[in-house]
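# Following is a predicted model, sequence given first.
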Amino acid sequence: MNHWLVKSEPVKYSWEKFNKEGRTFWDGVRNYQARNNLKLMKTGDLVMWYHSNEGKEIVGIARVVKEFYQDPTTEDPNWVVVDLEPVESLKKPISLEQIKADDRLKDIGLVRQGRLSVMALKREEFDRILELAAE
């Protein structure tokens, strides 16, 4: 199993709305590196949900329930989506400031490539964020 992080502005699509809907396709990706990451996602992979711009914090965990397919919001064959379902909210959201302050997370993509909307997480990074959320 692989681990991922996706970013969404809560005013556009929040964790709360995602939980109410129960499933969504992850669309709107128009960056080739982020698109390539979507193509690497496999059914069952876990995905951390990060609220960008407003909040700037990881708020929950989702799961990939359908691997990549053509983005239905565009006819351009270059863009794909995956389907996600919510797994659980973090007991305590983890802010970008907490991540930057943690030596074990200093190389995380969220810090190194702050504008990338879909990124891989190492298992150790995923587990460390869960530890912080449980403290």
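Happy to help now that I have it.
# now for the lowest-mean-pLDDT helix or strand in the chain, which elements pack on it?
Across the helices and strands of the chain, mean pLDDT, DSSP states H and E gives its lowest value to helix 109-112, namely a mean of 93. Packed against helix 109-112 by the contact rule (3 or more Cβ pairs under 8 Å, 6 or more residues apart in numbering; DSSP states H and E) you find helix 96-101, strand 118-121. In this view, the C-beta of every residue, glycine as well, is placed from N, C-alpha and C.
# try 10 Å this time
Secondary-structure packing of helix 109-112 (3 or more Cβ pairs under 10 Å, 6 or more residues apart in numbering; DSSP states H and E): strand 3-8, helix 96-101, strand 118-121, helix 123-134.
# Give me the residue ranges of this structure where confidence is low.
Across the chain, nothing is flagged by pLDDT under 70.
# List the buried residues in the least confident helix or strand of the chain.
Within helix 109-112, the residues that qualify as buried are 109-110, counting by 16 or more other Cβ atoms under 10 Å.
# now the residue located most distally from the centre of the chain, what's its secondary structure?
Here the chain has its C-alpha centre computed as a mean, and the residue farthest from that point, by Cα atoms, centre = their mean, is Glu75 with 24.2 Å. Assigned with DSSP: H, G, I helix; E, B strand; the rest coil, Glu75 falls in the coil class.
# For Met41, find the nearest of the helices and strands packed on helix 109-112.
Ranking the helices and strands packed on helix 109-112 by proximity to Met41 (Cβ to Cβ) places strand 3-8 first, at 6.3 Å.
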